[in-house]
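K.L.:
below is the sequence, then the predicted model.
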Amino acid sequence: MTFEETFAKVQGMTDRIDASETEFLAVQVNITGKEEESGVFYVEIKDGVITIERGEYEGYDCSMTMKSKDFNKLIDGKLEPVVAYTLRKLKVDGDLEKAAEFSDIIKQ
């Protein structure tokens with residue numbers, strides 16, 4: 001799956017996610033793989049409103065780095081975040097609690 005397809009898929013998820021209880025969360029997602037699969041985007045939740053944009057986020061709570069195929073499995077519910085982290089398919093930089101909060105939100 002290309003980065004653009006993955007990015008569009010994540011944007012489409014906002015309709016089913018209830019972030020109303022989240023005051024603030026900023027996560028940068030680094031997708032690795034072949035050139036057409038790779039890219040960076042961020043998810044910011046501020047006062048329950050979700051914003052997803054291409055590019056890097058200055059001052060994120062955490063960043064997550066995954067191969068494209070593994071990230072798509074994660075957002076499809078076919079790969080648990082803790083398993084991905086344990087198997088080193090998911091690298092987290094920053095606040096692990098915020099990463100766990102983010103994974104709970106996207107599992108909705």
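P.N.:
Here it is on my side, so go on.
K.L.:
residue contacts, residue 99?
P.N.:
27, 62, 64, 81, 92 (CB atoms under 8 Å, 6 or more residues apart in numbering). C-beta here means a position set from N, CA and C on the backbone, and glycine is covered the same way.
K.L.:
for the helix or strand where it lies, the distance to its chain's centre please.
P.N.:
Using DSSP states H and E, residue 99 sits within helix 96-106. The chain centre lies 9 Å from the centre of helix 96-106; the measure is CA atoms, centre = their mean, to the nearest Å.
K.L.:
mind listing what's buried in it?
P.N.:
98, 99, 101, 102, 103, 105, 106 (16 or more other CB atoms under 10 Å).
K.L.:
tell me the SS of the residue nearest to residue 63 when sequence neighbours are not counted?
P.N.:
Spatial nearest neighbour of residue 63, excluding adjacent residues (CB to CB, 6 or more residues apart in numbering): residue 28 at 4.1 Å. Per DSSP: H, G, I helix; E, B strand; the rest coil, the secondary structure class of residue 28 is strand.
K.L.:
got the residue ranges for the helices in this structure?
P.N.:
3-12, 68-75, 81-86, 96-106 (DSSP state H).
K.L.:
contacts made by the first one with the rest, please.
P.N.:
The list of residues contacting helix 3-12 from outside it, by CB under 8 Å, 6+ apart, reads 1, 29, 31, 36-39, 41, 43, 52, 54, 68, 71-72, 75.
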